[in-house]
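Chemist: let me see the structure of the following:
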Amino acid sequence: MSSTTSTPSPAAAPATRFAVPGRIAVSNRAAATWQRATLTEVRRETPYASTFRFAVPAWAGHLPGQHLMLRLRAEDGYVAQRHYSIASPPDDDGHVELTLDHVDGGEVSGWFHTVAKPGDEVELRGPLSGFFAWPGDRPALLIGAGSGVVPLMSMVRHHRARNLTVPLRLLVSARGPEELIYASEYGPETTTVFTRSAPEGVAVGRVAAAHVARLLADAPDGGWEAYVCGSNGFAEHASRLLVDAGQPVDRIRIERFG
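Modeler: Numbering: from 1, shown residues only. Here you go, the predicted structure:
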């Protein structure tokens with residue numbers, strides 16, 4: 001998922017309302033150093049999204065929720081760069097996974113989905129940004145839509161790999177079951193919401209106040225740290241539902257795209 005970390009527009013809330021102080025420090029050296037990465041595996045997630053696994057021997061590690069910069073170089077010297085959220089947990093030593101939507105007209109996502117094959121090399125640098133990172137040391141309430149689930153899945157995978165006991169809940173929204181990224185990986189920590197089509201007997205609709213109220217119920221000591229990731233519209237909608245349900249505004253972290 002190509003992404004940016006930001007806050008809701010001034011029209012919806014003051015510019016810094018959802019900003020969280022004390023972002024996690026990021027290594028300036030790692031963030032500035034380009035590394036060669038070799039594509040080793042491609043996994044189809046949905047008709048429109050695939051996961052690309054890279055071997056990055058010198059990767060210094062990352063925290064769940066961080067992203068990186070990817071650079072492609074064409075034979076004629078043309079260079080294209082994109083930010084992508086990291087899907088893999090930090091426990092996956094020497095490897096990084098990215099899950100990319102196939103965007104119409106997207107030169108980088110188009111190359112990955114139509115040209116890239118195991119053995120191809122790209123350049124990566126990172127990890128970047130400590131704003132959306134989850135260290136695994138605090139209860140986490142995760143809300144994502146579409147490919148916005150990518151950095152959140154890094155958190156879920158880390159939680160499982162380390163057998164963490166800190167509470168974690170995930171709400172993921174997709175248009176329908178066929179577009180639910182990582183469908184086979186979700187467990188009891190996950191609530192799914194389908195907005196256009198759903199299995200028989202499952203309601204169709206957008207994420208609503210009732211969904212958020214259930215997520216916030218039985219809050220652990222110290223409350224939840226909320227992470228919201230998705231399109232601009234979804235991020236505004238979900239963060240507003242959280243605030244209306246009583247989640248402190250200074251404990252909502254937002255990453256948005258589009």
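Chemist: find me the pLDDT at the residue of the chain most remote from its centre, would you?
Modeler: Seen from the C-alpha centroid of the chain, the residue lying at the greatest distance (CA atoms, centre = their mean) is residue 76, 32.7 Å away. pLDDT, the model's per-residue confidence, is 90 for residue 76.
Chemist: ok, the one 3 residues further on next?
Modeler: In the prediction, the pLDDT value recorded for residue 79 is 96.
Chemist: now swap in the one 3 residues further on and tell me
Modeler: pLDDT, the model's per-residue confidence, is 97 for residue 82.
Chemist: residue 191 - how many residues pack around it?
Modeler: Counted with other CB atoms under 10 Å, the neighbours of residue 191 add up to 16. Just so you know, the C-beta spots here come from the backbone N, C-alpha and C atoms, and that holds for glycine as well.
Chemist: and residue 199, which of the three is it?
Modeler: Classification of residue 199 using DSSP: H, G, I helix; E, B strand; the rest coil returns coil.
Chemist: repeat that for the one 3 residues further on.
Modeler: For residue 202, the assignment made with three-state DSSP gives coil.
Chemist: burial of it, as a residue count?
Modeler: Taking other CB under 10 Å as the criterion, the count of residues near residue 202 is 11.
Chemist: how far out from the middle of the chain is stretch 204-222?
Modeler: On the basis of CA atoms, centre = their mean, to the nearest Å, the separation between the geometric centre of stretch 204-222 and that of its chain is 19 Å.
Chemist: ok, stretch 190-210 next?
Modeler: On the basis of CA atoms, centre = their mean, stretch 190-210 is displaced by 20 Å from the centre of the chain it belongs to.
Chemist: which outside residues touch it?
Modeler: 143, 145, 156, 169-177, 180, 186, 211, 214-215, 234, 237-238, 241, 244-245 (CB atoms under 8 Å, 6 or more residues apart in numbering).
Chemist: how about a cut-off of 6 Å?
Modeler: Defining contact as CB atoms under 6 Å, 6 or more residues apart in numbering, one finds that stretch 190-210 is touched by 170, 171, 172, 173, 175, 176, 241.
Chemist: quick check on those: which are buried?
Modeler: Members of those that pass the buried threshold by neighbour count (16 or more other CB atoms under 10 Å) are listed as 170, 171, 172, 173, 175, 241.
Chemist: okay, and the third one sits in which element?
Modeler: Here residue 172, judged by DSSP states H and E, is contained in strand 168-174.
Chemist: direction included, what does that strand pair against?
Modeler: The strands beside strand 168-174 in its sheet (DSSP bridges) come out as strand 140-145 (parallel), strand 190-194 (parallel).
Chemist: which of the residues in the longest one are buried?
Modeler: The neighbour-count check on strand 140-145 (16+ other CB under 10 Å) flags 140, 141, 142, 143, 144, 145 as buried.
Chemist: which one of these is nearest to residue 81?
Modeler: Taking CB to CB as the measure, residue 81 lies nearest residue 144 of the buried residues of strand 140-145, at 24.0 Å.
Chemist: and the helix or strand hosting residue 41, how far from the chain's centre?
Modeler: For residue 41, the element it lies in under DSSP H and E is strand 35-46. If you compare the mean C-alpha spot of strand 35-46 with that of the full chain, they lie 17 Å apart, counting by CA atoms, centre = their mean.
Chemist: adjacent strands (with direction) for the helix or strand that comes right after it?
Modeler: Per DSSP H and E, the first helix or strand lying C-terminal to strand 35-46 is strand 49-55. Here strand 49-55 is paired, per DSSP bridges, with strand 35-46 (antiparallel), strand 95-101 (antiparallel).
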